[in-house]
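>>> Structural data only, the sequence is not supplied:
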């Protein structure tokens with residue numbers, strides 16, 4: 001229907017949409033929970049990321065929705081790997097790595113642990129897509145829970 005609100009902080013951009021009508025649930029369309037724990041996800045947790053991003057560094061965007069397993073990285077390890085390229089905000093960002101993770105055109109896709117959305121694909125090193133050691137950076141949904149709840153309350 002229309003964008004409800006935008007929230008921008010460094011490379012943490014996402015928005016909420018109000019739909020015109022209820023979504024019809026099916027085998028392929030299901031609701032997902034948002035993380036409720038403000039502490040976030042424990043490092044070492046295996047999660048999945050989905051999107052239509054490149055499958056290889058120099059490849060084109062995928063014409064199919066792809067999914068890959070990634071592992072949550074310790075904050076200090078991520079901060080070290082990103083040193084000099086971007087200011088890593090521990091309170092707003094998290095990193096994950098693994099073969100088949102996010103690449104160019106993946107931004108905005110979900111990072112899901114179990115049946116819970118915990119992050120939104122933000123950015124990574126586009127010159128090293130699909131690297132098992134180079135992390136991808138995700139916006140922590142937990143950092144914006146109050147904003148999400150307040151925005152939804154204000155729309156009703």
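Arrived safely, thanks for sending. Keep in mind the model is a prediction, meaning the values are calculated, not measured.
>>> ok, how many other residues are close to residue 28?
Applying other Cβ atoms under 10 Å, we find 5 other residues in the vicinity of residue 28. Any C-beta I mention is one placed from the backbone N, CA and C, and that applies to glycine too.
>>> how would you label it: helix, strand or coil?
Classification of residue 28 by DSSP: H, G, I helix; E, B strand; the rest coil places it in coil.
>>> Report the contact partners of it.
Not one residue lies near residue 28 by Cβ atoms under 8 Å, 6 or more residues apart in numbering.
>>> So which elements touch the longest helix along the chain?
When the chain is parsed with DSSP state H, its longest helix is helix 145-155. Applying 3 or more Cβ pairs under 8 Å, 6 or more residues apart in numbering; DSSP states H and E, we find helix 145-155 packed against strand 2-9, strand 12-18.
>>> weakest of the ones you listed by average pLDDT?
Lowest mean pLDDT within the helices and strands packed on helix 145-155: strand 2-9, a mean of 46.
>>> rewinding a little: buried ones in the longest helix of the chain?
In terms of neighbour count (16 or more other Cβ atoms under 10 Å), helix 145-155 has its buried residues at 148, 151.
>>> All good on my end, thank you.
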